[in-house]
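> need a structure here:
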Amino acid sequence: MAPEWWPRHALQWEGQVYMDLRMPFGNSGAPAAFDRITQAIVRHMKASGYPAFVGYLDDFFLIVHRKKGENPVTGE
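Sure thing, here's the model as predicted:
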């Protein structure tokens, strides 16, 4: 979270001020921030040879085609 947003996520209790320095859960901008990160990961995976890689917010879906009898872990 940008430092200029810290005061907007602060509370005062018993004379102490507490601020969120990271994006709090439930922030209205959080979905857009997660989606930007997700889309960067999707672009990287597609450029790395995984054309059937999809992302939405903080979820991913990958489809991998393999030959019959091929080990899904080793590819052998």
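> make it CA atoms for all contacts and neighbour counts henceforth
Will do.
> tally of neighbours for residue 12?
9 (other C-alpha atoms under 10 Å).
> by mean pLDDT, which helix or strand of the chain comes out lowest?
Within the chain, no helix or strand scores below strand 10-13, which has a mean of 84 by mean pLDDT, DSSP states H and E.
> which residues sit against that one?
17-20 (C-alpha atoms under 8 Å, 6 or more residues apart in numbering).
> elements contacting the helix or strand that it is followed by?
Sequence-wise, the next helix or strand downstream of strand 10-13 (DSSP states H and E) is strand 16-19. Applying 3 or more C-alpha pairs under 8 Å, 6 or more residues apart in numbering; DSSP states H and E, one finds that strand 16-19 contacts strand 10-13.
> how far is the strand it packs on from where the chain is centred?
28 Å (C-alpha atoms, centre = their mean, to the nearest Å).
> please save the CA atoms from it in PDB.
Taking Å, rounded to 0.1, in the frame of the first residue of the first chain, the C-alpha atoms of strand 10-13 are listed here in PDB:
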ATOM      1  CA  ALA A  10      -5.600   4.100  10.800                       C
ATOM      2  CA  LEU A  11      -7.400   3.800  14.100                       C
ATOM      3  CA  GLN A  12      -6.700   5.300  17.500                       C
ATOM      4  CA  TRP A  13      -7.100   3.400  20.700                       C
END
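> no more questions from me, cheers.
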